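K.L.:
predicted model, plus sequence, below.
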Amino acid sequence: METRNQPMHVAALNIYTPPPGSGPDYVSKLLHEWGEYTKAIAPFNLRPVLRMGLWYWEEDKEFELDYHLRHLALPQPGRIRELLAMVSRLHGNLLDRNRPLWETYVIEGLPNGRFATYSKIHHALADGVTGARMAANAMCRNDSEHKVPPWALPFVHHPASRSKTAPAGLLQQLGSVARASRYILPGIGSGLWDIVRASYADGATALPFQAPPTPFNVEISGSRRFAAQSYSLTRIKSIGKATGATVNDVTLAICAGALREYLSAQNKLSKKPLVAMVPVSLHGETDAGGNQVSLLLASLATNEADPLKRLDRIVKSTTEAKERLAKMPRLQKLAHGITSISPLGAGMLTGSAEKHPLFNLVISNVPGPRESLYLNGAKLDEAYPISIPTHYLALNITISGYGDRLGFGYIACRRSVPALQRMLDYTLNAIIELETALGIGTHSAAVAKPIAKKFARERSWTDTTTADSRGLSNHAHFGVIEQRLHVHDDQHALTHRCQSQNKSGVDGRFKLRCLLDHGRVQVHDVRHGVNHSTNHLSKQLQNNHHCELVVFHLGNIELQTQIHNRNDYPAQVDYAFDETR
């Protein structure tokens, strides 16, 4: 399946803060220390070789550390915007099949001395869970501990790292095949049955070929776009507690809300619900490493406007799928998963997957460590997973936990999925939408923790707001301001005045978003900044469900808004400033 436009590697982006008093040469010293370990052990010393039409692993006798370990620096001004752009380009490059299939990049240039590592490894060597375990195995639990680099560190859970045993005899091999077939054949049968019954089955279960065509189900190019953000795990657990849903189901609902808003903004939201393929780890049922994954299909209920009803439909869909898998032994699960998506290859070859997709996208949830981790004294601040877009699956979402945060990593074909960074806004909107519907949360933490939190602290803002008693909340978090306003009736036009003073001169955008089913919004915007003349902009919106006013500025900003709502549902108006990305 691997082609130039379809690399098959997974990766991780980690962002670190150097230890206190380490000095500006910390990264150089770290690389010098790592450079002493010129010998790699399995699986980091294995390269693929093709013999008689079959691929095998072979030790690379000419292993070169300098090829696999690389040192880069961000261009000025060294924002997260530049880091994500660099990672997007790196993730689109193929791994060299003449060498062991991994690369690690140490990237300097973030503000306050922070640095990042981007590490990628071919999916043939490790799935997401195995990769996460290998990464955690290389990290330290305290800032005084030091470890050798990952390629020199034994990982006992990977098959290639185990001691060699004598090959089984012919009778023993035949016996193993016979025992395995007891589970594999029923799995193949159940997978085929899912394909056959998809055309007439009803209920909550999502089945192959029930997904509608979407902009994600197209051929892709080799260019990539990566966007990432972390969100509070406590908030997501609170939503789950209030609804009886698992964290995994809540994250699916958040992704569904974000996808619904993204497609609605492009007028491409289907009347049928999107279907996600959700990998299911089987590592808990075996001590084998490598790839141990089955899958389930989940309806995302993106055709449902009510966020709680959407979540309920997602829970029913995943519950039915998980109950079926729970009754199967491990080998049967593997066979069932592979068989149920077996038409995917034919659909990619013939192009039929564009009009008749098996499913619309892949959403993975990879468990991560809850405790703080360190890299030879440097504290791991943020961790983001990066997965694989493929032909006719142009968007892939991977969620990974670290500490009290969940990191959402969106990787997509740059050409097929434009404005991917907007998914970060839409993800936050989906979280707040669920909280608002449940009546939980004060929204005092409604702004997602910025991936560039250290840089955001450098900005200095003051804010003044006035409004009536119908509800206004102001949120200031590391320099990012968001205000939310709810208006319930048209008896009195609500006037809201927002003033923000930018003392740093950091270029950014001030956004006003309005969710209004029926009514009108009038916005008076005045910009005052250095070398900027006064400019007046008035905008009136009639019967518009969603609108956005974006103002790029370097100086101060003042908005005066009048909202008239003629619907039973509250209107929602957001103001936010964020760094230009």
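P.N.:
Received it, and whenever you're ready, just let me know what you need.

K.L.:
hey, what's the nearest residue to His91 once chain neighbours are set aside bridged with?
P.N.:
With sequence-adjacent residues excluded and distances taken as Cβ to Cβ, 6 or more residues apart in numbering, His91 is closest to Arg224, at 4.8 Å. C-beta coordinates here come from the backbone N, C-alpha and C atoms, glycine included. Beta-bridge partners of Arg224, counted by DSSP bridges, are Cys413.

K.L.:
identify the residues contacting Arg224.
P.N.:
88-89, 91-92, 389, 411-414 (Cβ atoms under 8 Å, 6 or more residues apart in numbering).

K.L.:
now do it against Leu90, distance only.
P.N.:
Arg224 is 9 Å from Leu90, where distance means Cβ to Cβ, to the nearest Å.

K.L.:
how is the chain divided into domains?
P.N.:
What automatic domain parsing lists as the domains of the chain is 9-161, 179-438, 459-579.

K.L.:
for this protein, which spans come out with low pLDDT?
P.N.:
127-129, 155-204, 281-293, 327, 329-334, 336-337, 341, 343, 442-581 (pLDDT under 70).

K.L.:
quick one: the helices in it, in order.
P.N.:
Remark: helices assigned in the chain by DSSP state H are 26-34, 65-68, 80-91, 128-137, 170-197, 233-243, 247-265, 307-326, 330-340, 343-350, 422-438, 453-456.

K.L.:
ok so, going back, nearest to Pro154 among the contacts of Arg224?
P.N.:
Using Cβ to Cβ, His91 comes nearest to Pro154 of these, at 27.7 Å.

K.L.:
tally of neighbours for that closest one?
P.N.:
23 (other Cβ atoms under 10 Å).

K.L.:
who are the contact partners of it?
P.N.:
7, 9, 11, 120, 224, 226, 386, 411.

K.L.:
and if you look at Val87?
P.N.:
With Cβ under 8 Å, 6+ apart, Val87 has these contacts: 11, 13, 118, 226, 386.

K.L.:
then Lys120?
P.N.:
9-12, 90-91, 95, 102-103, 386.

K.L.:
neighbours of Pro24, how many?
P.N.:
The burial count for Pro24: 9, using other Cβ under 10 Å.

K.L.:
how long is stretch 120-133 end to end?
P.N.:
14 Å (Cα to Cα, to the nearest Å).

K.L.:
Trp102 is in contact with Leu46, isn't it?
P.N.:
No. Trp102 is beyond contact range of Leu46, at 9.6 Å (criterion: Cβ atoms under 8 Å).

K.L.:
common neighbours of those two, please.
P.N.:
If you check Trp102 and Leu46 against Cβ under 8 Å, 6+ apart, the residues they both contact are Leu125.

K.L.:
quick check: the farthest pair among the contacts of Lys120?
P.N.:
Ala12 and Leu95 (14.9 Å).

K.L.:
setting aside sequence neighbours, what's the nearest residue to Ala276?
P.N.:
Ala276 sits nearest to Ile363 (Cβ to Cβ, 6+ apart), 4.5 Å away.

K.L.:
please give me every residue in contact with the one you found.
P.N.:
By Cβ under 8 Å, 6+ apart, the neighbours of Ile363 are 251-252, 255, 276-278, 298, 396-399.

K.L.:
beta partners of it?
P.N.:
Beta-bridge partners, per DSSP bridges, of Ile363: Ile397.

K.L.:
mind checking how far it is from Tyr374?
P.N.:
From Ile363 to Tyr374 the distance is 30 Å (Cβ to Cβ).

K.L.:
again, but for Ser342
P.N.:
44 Å.

K.L.:
before we move on, what about Asn429?
P.N.:
Asn429 sits 34 Å away from Tyr374, going by Cβ to Cβ.

K.L.:
same deal with Asp143?
P.N.:
5 Å.

K.L.:
please look at Leu406 and Ala228 and confirm they touch.
P.N.:
No. Leu406 is beyond contact range of Ala228, at 11.2 Å (criterion: Cβ under 8 Å).

K.L.:
more neighbours, Ser342 and Tyr374?
P.N.:
Between Ser342 and Tyr374, counting by other Cβ under 10 Å, Tyr374 is the more crowded of the two (20 against 15).

K.L.:
so who does that one touch?
P.N.:
139-143, 145, 380.

K.L.:
if you set the cut-off to 10 Å instead, what comes out?
P.N.:
The contact partners of Tyr374, by Cβ atoms under 10 Å, 6 or more residues apart in numbering, come to 16-17, 19, 139-147, 380.

K.L.:
what's the spacing between it and Ile15?
P.N.:
Going from Tyr374 to Ile15 by Cβ to Cβ gives 13 Å.

K.L.:
what residues are shared contacts of those two?
P.N.:
Counting by Cβ under 10 Å, 6+ apart, the residues touching both Tyr374 and Ile15 are Leu380.
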